[in-house]
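Asks: Structure of the sequence below:
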Amino acid sequence: MRMNLIPRARNAAGSVIVADKVDVPAGLWSRCDKCGHMVYEKEVEEALHVCPECGHHRRVDARTRIEQLVDPGSFEEFAMGLRSTDPLKFKDRIPYKERLQREQAKTGECEAVVVGKAFIRGRAVILTVMNPAFIMASMGAVVGEKVTRAIERAAEENLPLVIVSASGGARMQEGMVSLVQMAKTSAALARLGEAGGLYIVVATDPTTAGVAASFASLGDVILAEPNAMIGFAGPRVIANTINAELPEGFQRSEFMLEHGFVDRIVPRSDLRREIARIIDYCGK
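Replies: Numbers count the residues shown, from 1 in each chain. All right, here's what the predicted structure looks like:
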């Protein structure tokens with residue numbers, strides 16, 4: 001799709017003079033989902049995928065997030081190549097196996113989370129980043145296993161653990177297997193806590209359901225990006241269940257900060273500095 005910009009002017013008699021159309025390459029400009037302004041994509045990218053007009057934080061994939069957070073060239077991925085099976089032989093609109101293949105081809109990732117060791121402003125960390133581009137970063141057996149391995153490695157190497165959460169919750173296609181990951185990851189975090197490890201959560205839009213109810217709510221420090229949705233069920237489900245109107249901004253970062261669920265709201269441009277500051281403050 002290309003935009004046709006038609007410059008207009010008027011002559012002395014007031015008639016409109018239409019100049020030749022100017023073709024603008026597709027993807028050069030886009031409309032912000034929040035404020036509706038047309039924004040220059042290169043400018044948005046340079047601002048870490050934040051709208052320069054209103055500050056809306058776009059969702060980003062795991063590799064983009066890693067590039068934004070870590071010192072250049074410092075990320076060393078582990079637990080690669082793990083792939084989900086289809087324990088329930090699940091089929092909705094398409095078979096689960098086919099859905100996985102499509103997501104892997106679309107994203108270039110095996111699963112909805114990437115884990116590794118990295119440096120953030122010179123501080124060594126174990127980093128876990130969820131990928132909302134892969135089945136909305138839903139948590140199945142492989143996601144739970146990779147998160148658990150990251151937690152265990154942080155304990156083994158006595159390094160801070162940073163998890164960037166972004167998930168629609170447990171993966172329904174894996175049923176009870178996905179729900180068990182809530183207990184599995186939470187138990188691993190309990191062991192990390194007993195070992196004196198530091199755990200920092202960065203909650204991004206959205207952090208919901210089984211992920212919000214397990215490892216994303218267990219951080220020693222919970223940071224959140226502005227206006228991120230954080231909670232268990234969606235606002236519409238809750239409103240229909242309790243048959244009541246919800247407060248304005250319900251389940252957004254600012255609401256969660258006010259009610260004590262989040263420790264600090266940090267714009268994306270400040271995340272590196274804030275994580276490093278917390279690590280230094282905690283003596284890690």
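
Asks: can we go C-alpha only for contacts and neighbour counts from here?
Replies: Noted.

Asks: mind listing what residue 228 touches?
Replies: Residues in contact with residue 228 (C-alpha atoms under 8 Å, 6 or more residues apart in numbering) are 203-207, 252-253.

Asks: Please verify my assumption that residue 227 contacts residue 256.
Replies: No. Look at residue 227 against residue 256 with C-alpha atoms under 8 Å: they stay out of range, at 9.9 Å.

Asks: residues near residue 77, how many?
Replies: 14 (other C-alpha atoms under 10 Å).

Asks: I'd assumed it was in a strand, is it?
Replies: Yes. Judged by DSSP: H, G, I helix; E, B strand; the rest coil, residue 77 forms part of a strand.

Asks: Can you give me the neighbour number for the closest residue to it other than its chain neighbours?
Replies: Spatial nearest neighbour of residue 77, chain neighbours left out: residue 116 (3.9 Å); criterion: C-alpha to C-alpha, 6 or more residues apart in numbering. For residue 116, the tally of surrounding residues (other C-alpha under 10 Å) stands at 21.

Asks: What are the structural domain limits within the protein?
Replies: Here the domain parsing of the chain from automatic domain parsing is 8-56, 59-281.

Asks: which stretch in these has the least confidence?
Replies: Among those, domain 8-56 has the lowest mean pLDDT, at a mean of 78.

Asks: what comes into contact with stretch 178-190?
Replies: 139-141, 144-145, 147-148, 151-152, 170-172, 210-211, 213-215, 218.

Asks: Swap in 10 Å and give it another go.
Replies: Residues outside stretch 178-190 that contact it (C-alpha atoms under 10 Å, 6 or more residues apart in numbering): 138-152, 154-155, 161, 169-172, 192-199, 210-219.

Asks: Quick check: ChimeraX command selecting the buried ones in those.
Replies: This is the ChimeraX syntax for the buried subset of the contacts of stretch 178-190, where burial follows 16 or more other C-alpha atoms under 10 Å:
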select :138,139,140,141,142,143,144,145,146,147,148,149,150,151,152,154,155,161,169,170,171,192,193,197,198,199,210,211,212,213,214,215,216,217,218,219
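
Asks: Thank you, goodbye.
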